[in-house]
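Enquirer: I'd like to go over a predicted model; first the sequence, then the structure.
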Amino acid sequence: FGVILDGYNISFVRFRRNQWVATEPAELSEESVYRLLEAIISLKRKAIDADSLLTDFGPESGTSEKVISVFYEALVNSKSTRTEMLFRDWKRVFSQVCAYSPAKLEGLVEHYGLARGKKVDVEKLMFAVHTYYTLVMKLLTSEVISFFNPVSGSPLQRIENAYYRSREDLRAELLDLEEGGIIAKIGIRNFLEADYFAWYLDEWSEEVKDGVIEIVRMLSDYDPATVELDPDRVKDLFKRLYQNLVPKRVRHDLGEYFTPDWLAELVLKEVEYDGNLDKRVLDPACGSGTFLVLAIKEMRNYAEEHFVTDKSELLRKIVGNVVGIDLNPLAVLAARANYVIALGDLIRYIPKEGVEIPVYLADSILVSRSISLYGQPEFVLETSVGKFWVREELINKELWGPLLDSIDFCLENNYSVENFKGYFSKFFAEKSFITRDAYGAAIRLYEKFLELEDKKLDKIWTKVIKNSFAPLLAGKFDYVVGNPPWINWES
């Protein structure tokens, strides 16, 4: 660590990837001097592990109490209809995940010291806790990815540079992160799909800014090389942090139990899974990804033992054959983060067309069906913004992805329904197996999305829809493993 100072401007220097990297010079200010004092106190970079994360970001840390309190106040005083929409749909999904009721969340109030003479909305407090946890995951995962594929430098450093320029520059940098950032740039297409937790950017304030930059600065002290040098140290990295962010009694009242590593190892051994690269594994209630991470480890060991040296092919096999599904949006993001970290150096071999991390936000058992007014079978998804009807014929591997990509493109470019018809008709003309009824159903689906876009309630729903129906396209598996969420293995 170093500092460049001329009495007027200051720049902070860190040793990254065998070279010194300096932040952009900033004028001396109270904030930059405070940053200098902080940096002197913590000269040594930390290895990434669950214990260190728990110390710095767990419930006993000043950071968690401060940032969760800031997020909670932003929710209570929200001015954005989109924030309210995301909160309502998070409640809908969360209530399906667990034995949920507001009374069961009361333990959070004392845990985070918010009961000082005021009524607390415990549901919004839980949403704030989830938002805090996911932001730590997104930032740290982005930094790890940048270590293996440094296409545009350290995300944490870019965010810190933006902070010194202006509050709005910082927001713009965070918006880039929430829209995929470096994770999308290197070709991981779906890391932040169906993410409910970027709402804080719609409630941007001085307090939110200070809370976010505190997380960024503390994460900057961690060394992403840990993932390559000591991969076992980061296995299922985020499980212990979340286990402690939410009091054990509250988690268990909600029916939330995490799978211990020994149990996952035992199950994989009992089913005789050896990491064979051509065998497919599904965890239909994957939680934070314990089984997925262990399956990836087994596949990597199998490849080494069988002298598979083509890393690109190994990456393709893993993302094609290790699949997770969960109904909890927080768990899905944690599982994707742990999945990416488990890939480690294979991140360097992502092809130009990109890859999809096969962890999906969906109900792996139940998909609602109905019959349309035209007598055709269709699927139904109920959300906080109403029902989505999707013609069964549309959900096939050749059509479903391109259809949703077309909808996203047309929404981003403000296409009217007529414009969308013209755009999609070109694709439709190449797919002779699509019936005229299915074409009409696709147009009606776009009308629904456009209505939400006009109300500023979109940006998430195409991804929610895509994930919800992912189990229908997952194919067959050789192994279905997991720890059913209704079983407590502690006793």
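Expert: That came through fine.
Enquirer: Would you map the strands across the stretch 351-491 of the chain?
Expert: Per DSSP state E, counting those that start in this stretch, the stretch 351-491 of the chain carries strands over the ranges 359-361, 368-371, 377-383, 386-391, 479-480.
Enquirer: Any idea how far apart the tips of stretch 241-260 sit?
Expert: Terminal residues of stretch 241-260 are spaced 14 Å apart (CA to CA, to the nearest Å).
Enquirer: ok, now stretch 408-426?
Expert: 16 Å.
Enquirer: Kindly report the same for stretch 243-263.
Expert: Taking CA to CA, the first and last residues of stretch 243-263 lie 17 Å apart.
Enquirer: before we move on, the earlier item: switch the strands of the stretch 351-491 of the chain over to a markdown table; also include distance to residue 120 and mean pLDDT.
Expert: (Each C-beta comes from the backbone N, C-alpha and C, glycine too.) As requested, the strands of the stretch 351-491 of the chain are exported to a markdown table (distance: least, CB to CB, whole Å; pLDDT from 0 to 100):
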| stretch | distance to residue 120 | mean pLDDT |
| --- | --- | --- |
| strand 359-361 | 28 | 93 |
| strand 368-371 | 34 | 73 |
| strand 377-383 | 27 | 82 |
| strand 386-391 | 30 | 84 |
| strand 479-480 | 41 | 96 |
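Enquirer: and these, which is most packed in?
Expert: For the strands of the stretch 351-491 of the chain, the largest average neighbour count (mean count of other CB atoms under 10 Å) is found in strand 359-361, namely a mean of 28.
Enquirer: Which strands border that strand, and is each parallel or antiparallel?
Expert: Sheet pairing for strand 359-361, assigned by DSSP bridges, gives strand 322-326 (parallel).
Enquirer: quick check: mean pLDDT across the strand it pairs with?
Expert: For strand 322-326, mean pLDDT rounds to 95.
Enquirer: pull the CA atoms of it into PDB?
Expert: What follows is strand 322-326, C-alpha atoms only, in PDB (Å, rounded to 0.1, in the frame of the first residue of the first chain):
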ATOM      1  CA  VAL A 322     -24.300 -29.000 -12.800                       C
ATOM      2  CA  VAL A 323     -27.700 -27.300 -12.300                       C
ATOM      3  CA  GLY A 324     -29.500 -25.700  -9.300                       C
ATOM      4  CA  ILE A 325     -33.000 -24.300  -8.800                       C
ATOM      5  CA  ASP A 326     -34.400 -22.500  -5.800                       C
END
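Enquirer: Quick check: what element follows it along the chain?
Expert: helix 329-343 (DSSP states H and E).
Enquirer: Now that following helix: average pLDDT?
Expert: 91.
Enquirer: from the chain's centre, how far out does that helix sit?
Expert: From the chain centre to the centre of helix 329-343 is a distance of 7 Å (CA atoms, centre = their mean, to the nearest Å).
Enquirer: one step back: can I get the strands of the stretch 351-491 of the chain in JSON lines including distance to residue 148?
Expert: Below are those laid out as JSON lines (distance: least, CB to CB, whole Å):
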{"stretch": "strand 359-361", "distance to residue 148": "19"}
{"stretch": "strand 368-371", "distance to residue 148": "40"}
{"stretch": "strand 377-383", "distance to residue 148": "36"}
{"stretch": "strand 386-391", "distance to residue 148": "37"}
{"stretch": "strand 479-480", "distance to residue 148": "28"}
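Enquirer: can you tell which of those is closest to residue 156?
Expert: strand 359-361 (24.0 Å; CB to CB).
Enquirer: chain center to the closest one, what's the gap?
Expert: Strand 359-361 sits 10 Å away from the centroid of its parent chain (CA atoms, centre = their mean).
Enquirer: Could you report the distance from residue 57 to residue 221?
Expert: Distance of residue 57 to residue 221, computed by CB to CB, to the nearest Å: 12 Å.
Enquirer: Who has more neighbours out of the two?
Expert: Shown here are residue 57 and residue 221; by other CB atoms under 10 Å, residue 57 has more neighbours (24 against 18).
Enquirer: and the more buried one, how far is that from residue 216?
Expert: For residue 57 relative to residue 216 (CB to CB), the value is 12 Å.
Enquirer: What of residue 408?
Expert: Distance, residue 408 to residue 216, by CB to CB: 29 Å.
Enquirer: The two: which is more packed in?
Expert: Counting neighbours by other CB under 10 Å for residue 408 and for residue 216 shows that residue 216 has the greater number, 23 against 16.
Enquirer: wait, what's in contact with the more buried one?
Expert: 139, 156, 159, 160, 163 (CB atoms under 8 Å, 6 or more residues apart in numbering).
Enquirer: can you check residue 352 too?
Expert: With contact taken as CB under 8 Å, 6+ apart, residue 352 is in contact with residue 187.
Enquirer: Likewise for residue 287?
Expert: Counting by CB under 8 Å, 6+ apart, residue 287 touches 239, 258, 259, 326, 328, 331, 334, 335, 483, 485.
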